[in-house]
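[1] Take a look and give me a structure for this.
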Amino acid sequence: MWIGQSGGHGSRLAAVAKAGIPVDVLRSTRYDPICIKTGRPHERWIKADFYYTPPWVALLLLGGILPFVIVAMIVRKQVTVYLPAVNKVQTNKRLMMAAVLVSLFGGIVMLVVAVVKASGGWAAAGAISIVASIFLGFWGMQRAWIRGTLSSDETTIKVSGAHPAFVAATTSQAHPPAGPGAAEIAAKPGLQNLSYVREGQAVATAPVTSDAPPPPPGVSPTTYESGGGAGSPVPPDLGSWNWGGFLLTWIWAIGNRVWVGLLALVPIPALWIAMAIVLGVKGNEWAWQKKRWQNVEHFKRVQRKWTIAGIIVWLLLIAGITIALIAAKPWETAEVANGSFVPESEGTEVIPGEDENFTVTVPTSWFPDERLNKRADLGVGSPFEEMYAIVFLERANRIPKNFSLERYSAITRGPILNKLSSASEKKVGTRIIDGYEALEYELRGTVDDLDLVYIHTVLRTEEHFVQILAWTLEPRFDRNSETLRAVINSFDAQ
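    A predicted model of the protein is given here:
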C-alpha cells in the first residue's frame, strides 16, 4: 500500500499526526509496516525514543543551562518504540548525525584555537560552526528523520515529518476491529501467538507476522530475570552503552554490585581508562545480571540517574580544577610591585646586551631569542606567557644634537604602525629610566589575526638613543603590562 502526499487527504493525515499517534499501536504489529519517511515497504526497524518534559522546567533556564538540563533529564518521561524504515533512511540519519557532530566539535576546536591565539577570526569561525551544528541538529535531522513529542499521559506521540502513508496505517488501527480468535490465528499461515509479559503480568496475546519489530522496553517474548548471575539472558533493549559506569567507574560498580569495576581503584592510569571503557560497554549487561531489578523500565530509570550523577561529578571536578588554576596562576612566575620584580619561585635574571653595554632584568622564565628581530641588540621573551621585548641602540653622535625624544619616538613608531591593521596609538607620558628621561607610547593593532599591544619607549643616554619595544596579546595586556614595564624600567646602561 502506498499513499501519495498531495491533496487534502495528506493534509488531514498531517493534522492527525500532529494530534498524536497512539503508543500502543506503534508498539504492536496491527499496522502495515511501511517506511515512516518514504511510505514504501520497510526494510528494517529503527529504535526511536520520545520524551515529555513538564513545561515548568523551562523556568529553570533563568538560572542557567546546567540546572535546566539536569532537572529535565531527571523529571522527563520516556517511551521507546521501533519504527519501520528503508535502509536509506537509516543511512541519511547517520550521515546527518555525523555532520552535526563534526560541525559541533570543529567549532569547539576553533574556539580553543581562538583563545590560544587570541584571534577574532578563529572565534567567529568557531561560533559559526557551532550555530551550523545547531541548525543541522534541528532542521537537518527533521529532514533525515522525524521529530516527535510524547504526551503527558504517555499514550500518544505527536509526530512531524512522517509520511502520510505511515500516518494512515497507524491511525487506522487506533480502534481496530476485534481480532480473530485463537483457533483462527492458529489456522492462518504466517501468524503466531506471542504471550507478552510486562512487569510480571500477562498481557493479551497479539497476532504478529514473522517480520515483527523488536519488543519494546519492558516487554519481551521471553521473561528475562534480573540478578541471574553471569551468563543469564539479558533483555535486548537495555542499551549498548552505560554512561554511569563510564563516568563513575568504581563508585557505579559498588552501587550495581559489579565488583570487577573495583579494578579502577588500582593506581595505574592505563588500567583506570581501560576499566572505564569496559564498564561503559558491558555495564548494562553486568548490572542486569548482578542485581535484582523490578523490570527494564526500572533498570533504565536508575541507570539514567547514575548518568546524571556522573555528569554532575565531572562538571564539579572540572570547575574545581579550573578555579584552582586561576587562583594559583602557575603561568605567572613573577609579579610586579612598585616597578620592580617580586620573585615568587623562580626569581629574576640579569641579561646583557649584544655588546654588553647595557643590561635588562627579566623573570627566569624568559630567555634570549634573537629570532624576534635580527637587527635588535637584544631580544628576550617568554612564549608560554606571550610576553616579549627587544632593545635597539643607535649612536647619539649620528643624530643631530637638537633631535628631541618626541621626534625620535615618532620616527621609530612609524614602521611599527604601518605593519599593523586597525592601528592606534596613545601617549602614556614620560618617566625616568636609569637616570634618563624616557617617553612611552602604547600601540595597538592586528598582525596575522593576532590582536597585539606594544609598549614603545625611547630614551637618550650619553652615547646612544635607545628604543625598547615590549609587547603581548591584547587579551593578556592588563595582566602582563606591569611585568613588561618592569622589564623596560630595568634597562641599565653600562
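[2] Quick one: low-confidence residue ranges for this structure.
    Residues of the chain that meet the criterion pLDDT under 70 lie in 1-19, 29, 66, 70-71, 73-75, 118, 172-223, 231, 327-346.
[3] W252 looks like it's in a helix, true?
    Yes: under DSSP: H, G, I helix; E, B strand; the rest coil, W252 sits within a helix.
[4] so who does it touch?
    242, 244-245, 258, 261, 279, 283, 306, 310 (CB atoms under 8 Å, 6 or more residues apart in numbering). From N, CA and C alone the C-beta is placed, and that goes for glycine too.
[5] ok, now with 10 Å
    Each residue near W252 by CB atoms under 10 Å, 6 or more residues apart in numbering is listed here: 242-246, 258, 261, 264, 276, 279, 283, 287, 303, 306-307, 309-310.
[6] A376 too?
    So A376 contacts 353-354, 369-370, 389-393, 467, 469 (CB under 10 Å, 6+ apart).
[7] So which of those are in strands?
    Mapping the contacts of A376 onto strands (DSSP state E) picks out 389-393, 467, 469.
[8] tell me the secondary structure for the nearest residue to M275 once chain neighbours are set aside?
    Counting by CB to CB, 6 or more residues apart in numbering, M275 lies nearest to A264, which is 4.2 Å off, once chain neighbours are set aside. Following three-state DSSP, the label given to A264 is helix.
[9] burial of A264, as a residue count?
    Neighbour count of A264, defined by other CB atoms under 10 Å: 22.
[10] Tell me, how many residues neighbour the nearest residue to F68 once chain neighbours are set aside?
    Once flanking residues are discounted, F68 sits nearest to L60: 4.2 Å by CB to CB, 6+ apart. Close neighbours of L60, defined as other CB under 10 Å, add up to 16.
[11] quick one on the thing from earlier: go through the ones in strands among the contacts of A376 and give me the one with the most neighbours.
    A389 (27 neighbours).
[12] State whether it and H456 are indeed in contact, as I suppose.
    No: if you go by CB atoms under 10 Å, A389 and H456 don't touch, sitting 11.1 Å apart.
[13] residues shared between the contacts of those two?
    468-471, 488.
[14] can you tell me which of the residues you listed lies nearest to L238?
    Closest approach between the shared contacts of A389 and H456 and L238, by CB to CB: W471, at 58.7 Å.
[15] Which of the three states applies to that closest one?
    strand.
[16] Bridged to it, which residues?
    Judged by DSSP bridges, the bridge partners of W471 are Y388, Y454.
[17] Pretty sure it sits against L443.
    Yes: with contact defined as CB under 10 Å, W471 counts as touching L443 (8.3 Å).
[18] which of these two has more neighbours?
    Counting neighbours by other CB under 10 Å for W471 and for L443 shows that W471 has the greater number, 24 against 19.
[19] Spell out which two among the ones in strands among the contacts of A376 are the most distant pair, please.
    For those, and using CB to CB, no pair is farther apart than A389 and L393, which are 14.0 Å apart.
[20] Give me the common contacts of those two.
    By CB under 10 Å, 6+ apart, the residues touching both A389 and L393 are 376, 378.
[21] tell me what the helix or strand where I157 lies is packed against?
    Using DSSP states H and E, I157 sits within strand 156-160. Under the contact criterion of 3 or more CB pairs under 10 Å, 6 or more residues apart in numbering; DSSP states H and E, strand 156-160 touches helix 7-19, strand 21-22, helix 23-26, strand 44-52, strand 77-85, strand 147-150, helix 164-171.
[22] Let's see that with 7 Å instead.
    When contacts are defined as 3 or more CB pairs under 7 Å, 6 or more residues apart in numbering; DSSP states H and E, strand 156-160 sits against helix 7-19, strand 21-22, helix 23-26, strand 147-150.
[23] what helices or strands is the shortest one leaning on?
    In terms of contacts (3+ CB pairs under 7 Å, 6+ apart), strand 21-22 is packed against strand 156-160.
[24] Show me what the strand it packs on is in contact with.
    Strand 156-160 is contacted by residues 17-18, 20-23, 26, 50, 146-150 when judged by CB atoms under 7 Å, 6 or more residues apart in numbering.
[25] in the stretch 351-494 of the chain, which spans are strands?
    Assigned by DSSP state E, counting those that start in this stretch, the strands in the stretch 351-494 of the chain fall at 358-363, 367-368, 378-382, 387-395, 421-433, 436-447, 450-460, 464-473, 492-493.
[26] export those strands to TSV and tack on distance to V112?
    TSV is the format used below for those (distance: least, CB to CB, whole Å):
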stretch	distance to V112
strand 358-363	26
strand 367-368	27
strand 378-382	21
strand 387-395	21
strand 421-433	24
strand 436-447	20
strand 450-460	16
strand 464-473	15
strand 492-493	41
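[27] Nearest to N295 among these would be which one?
    strand 464-473 (58.0 Å).
[28] between the lengthiest helix in the chain and strand 77-85, what angle do the directions make?
    Counting by DSSP state H, the longest helix found in the chain is helix 296-328. On the basis of axes from the mean of the first three to the mean of the last three CA atoms, to 10 degrees, helix 296-328 is oriented at 110 degrees to strand 77-85.
[29] Mind giving me the packing neighbours of helix 296-328?
    helix 65-75, helix 243-248.
[30] Remind me what the last one packs against, helices and strands.
    Other helices and strands packing on helix 243-248, by 3+ CB pairs under 7 Å, 6+ apart, are helix 269-290, helix 296-328.
[31] which residues touch that helix?
    252, 261, 276, 279-280, 283, 303, 306-307, 309-311, 313-314.
[32] between the contacts of strand 156-160, which is closest to S404?
    For the contacts of strand 156-160, the nearest to S404 is R147 (72.6 Å; CB to CB).
[33] hang on, isn't that closest one packed against G161?
    Yes: if you go by CB atoms under 7 Å, R147 and G161 touch, sitting 5.8 Å apart.
[34] quick one: which of those two has more around it?
    G161 (16 against 13).
[35] so what's that one closest to, chain neighbours aside?
    I146 (4.1 Å).
[36] ok now do the one you found, which residues does it touch?
    By CB under 7 Å, 6+ apart, the neighbours of I146 are 36, 159-162.
[37] could you flag which of those are buried?
    36, 159, 161-162 (16 or more other CB atoms under 10 Å).
[38] How about A132, nearest residue that isn't a chain neighbour?
    With CB to CB, 6+ apart, the residue lying closest to A132 is S103, at 4.9 Å.
[39] how close does that neighbour sit to M96?
    11 Å (CB to CB, to the nearest Å).
[40] and for the two, which residues touch both?
    L136.
[41] measure the residue lying closest to T361 once chain neighbours are set aside to L439 for me?
    Excluding its sequence neighbours, the residue lying closest to T361 (CB to CB, 6+ apart) is S490, at 3.8 Å. From S490 across to L439, the span is 17 Å (CB to CB).
[42] before we move on, back to that, shared neighbours of W471 and L443, which are they?
    Going by CB under 7 Å, 6+ apart, residues that sit against W471 and also against L443 are Y454.
[43] Name whatever forms a beta bridge with the closest residue to K427 other than its chain neighbours.
    Excluding the flanking residues, the one nearest K427 by CB to CB, 6+ apart is Y441, at 5.5 Å. On the basis of DSSP bridges, Y441 is bridged to K427, H456.
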